[in-house]
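Trainee: build me a structure from this.
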Amino acid sequence: MIIALEPSLVQRSPPVAACVDRAQSSDCSNCGARALSVCGTADISDLQRLGELAEVIKLKSGAVLIREGDPAPHVFNITAGSLRVYKLLPDGRRQITGFLFAGDFLGLAISEFYVFSAEAMEASTVCRFRKGPFSALVARSPPLEHMLLHRTSHELAAAQNQMLLLGRKTAIERMASFLLDLPGHDPTRPSAPGHVRLPMKRAEIADYLGLTIETVSRVLTRMKVKGLISTTSPHELIVERPERLRQHAAGEV
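Mentor: Below is the predicted model:
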């Protein structure tokens with residue numbers, strides 16, 4: 001089933017698409033993100049079952065996939081594009097908790113309601129699974145179960161690193177860590193060595209790093225003056241001195 005969500009659409013159960021669309025979407029063997037996702041461990045029979053369970057959702061830039069506080073009947077596998085995951089404080093401030101790319105899995109937390117919101121930063125595609133049938137399949141497949149446990153452990157480590165970044169690092173240390181870490185999260189779209197693709201806006205970087213957008217701009221300018229980076233466009237930069245940038249990330253400068 002292929003579903004396209006408009007940016008202004010509030011998360012609700014979408015209408016059923018034609019069966020021909022579902023047949024087209026169920027061929028997981030042709031998915032470019034398969035090797036990087038939980039599906040990469042599935043054998044032929046499990047892969048076929050995953051394809052039968054999956055609904056393919058196409059998101060335009062800015063479209064909402066899930067909203068914090070809404071019922072959480074689904075889990076999601078990102079197969080193309082990128083999403084921002086965030087929480088809102090009572091006063092309206094936003095804390096972005098992560099950027100997700102092809103191969104990432106979303107919704108592993110055991111909860112009846114989503115504890116975060118997720119929106120597309122660019123045109124993106126996700127496979128959506130109902131929790132019940134998906135959990136039943138995982139329970140019968142040790143490789144899938146092992147991969148999900150691995151992903152959960154990875155998310156815990158990422159959360160610990162984020163706490164360190166927000167709690168102890170200076171602005172330039174945060175930015176250096178972010179620029180060094182980001183390319184490894186989007187392996188389906190590799191860049192030339194040293195090139196960093198930035199699908200997110202400066203304000204989103206600020207909300208992820210716990211900084212103001214003015215501070216983000218000042219730090220990037222300072223890095224350019226020092227010769228650490230150069231910019232080719234608003235959505236790409238080049239790390240000119242990676243070792244020096246690593247020293248900044250580690251607080252050694």
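
Trainee: I'd like the next helix or strand past the lowest-mean-pLDDT helix or strand in the chain.
Mentor: Between all helices and strands in the chain, the lowest mean by mean pLDDT, DSSP states H and E belongs to helix 19-25, at a mean of 35. Sequence order places helix 44-53 as the next helix or strand after helix 19-25, per DSSP states H and E.

Trainee: and the next helix-or-strand element following that next one, C-alpha only, in CSV?
Mentor: Per DSSP H and E, the first helix or strand lying C-terminal to helix 44-53 is strand 55-59. Only the C-alpha atoms of strand 55-59 are listed here, as CSV (Å, rounded to 0.1, in the frame of the first residue of the first chain):
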residue,chain,number,x,y,z
GLU,A,55,2.5,-0.1,4.2
VAL,A,56,4.8,2.2,2.1
ILE,A,57,4.3,5.9,3.1
LYS,A,58,5.7,8.7,1.0
LEU,A,59,6.3,12.0,2.8
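
Trainee: for strand 55-59, the averaged confidence score.
Mentor: Over the span of strand 55-59, the pLDDT mean works out to 94.

Trainee: buried ones in the single longest helix found in the chain?
Mentor: Under DSSP state H, the helix in the chain containing the largest number of residues is helix 142-168. By 16 or more other C-beta atoms under 10 Å, the buried positions in helix 142-168 come out as 144-145, 147-148, 151, 162, 165. For the C-beta atoms, the positions are set from N, CA and C on the backbone; glycine is no exception.

Trainee: what do you get for stretch 167-185?
Mentor: Using 16+ other C-beta under 10 Å as the burial criterion, the residues of stretch 167-185 that qualify are 169, 171-180, 182-183.

Trainee: what bridges to residue 124?
Mentor: Listed beta-bridge partners, residue 124: residue 59 (assigned using DSSP bridges).

Trainee: ok, it to residue 207 distance?
Mentor: With the distance defined as C-beta to C-beta, to the nearest Å, residue 124 ends up 19 Å from residue 207.

Trainee: what about those two, which has more around it?
Mentor: Neighbour count, other C-beta atoms under 10 Å: between residue 124 and residue 207, residue 124 has more, with 25 against 21.

Trainee: the more buried one: what's it in contact with?
Mentor: Taking C-beta atoms under 8 Å, 6 or more residues apart in numbering, we find residue 124 in contact with 58-59, 63, 78, 80-83.

Trainee: 6 Å instead?
Mentor: With C-beta atoms under 6 Å, 6 or more residues apart in numbering as the criterion, the residues that contact residue 124 are 59, 80-81.

Trainee: got JSON lines for these, with distance to residue 195 and neighbour count too?
Mentor: Putting those into JSON lines (distance: C-beta to C-beta, whole Å; neighbours: other C-beta atoms under 10 Å) gives the following:
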{"residue": "59", "distance to residue 195": "25", "neighbour count": "27"}
{"residue": "80", "distance to residue 195": "20", "neighbour count": "19"}
{"residue": "81", "distance to residue 195": "19", "neighbour count": "23"}
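
Trainee: redo the residues you listed as TSV? Include distance to residue 232.
Mentor: Written out in TSV, the entries for the contacts of residue 124 read as follows (distance: C-beta to C-beta, whole Å):
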residue	distance to residue 232
59	26
80	23
81	21
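
Trainee: and of those residues, the nearest to residue 220?
Mentor: Using C-beta to C-beta, the shortest approach to residue 220 within the contacts of residue 124 belongs to residue 81, at 24.2 Å.

Trainee: just list whatever residues bridge to the residue nearest to residue 186 when sequence neighbours are not counted.
Mentor: By the measure of C-beta to C-beta, 6 or more residues apart in numbering, the closest residue to residue 186 outside its immediate chain neighbours is residue 101, 4.2 Å from it. For residue 101, the residues forming beta bridges with it (DSSP bridges) are residue 82.
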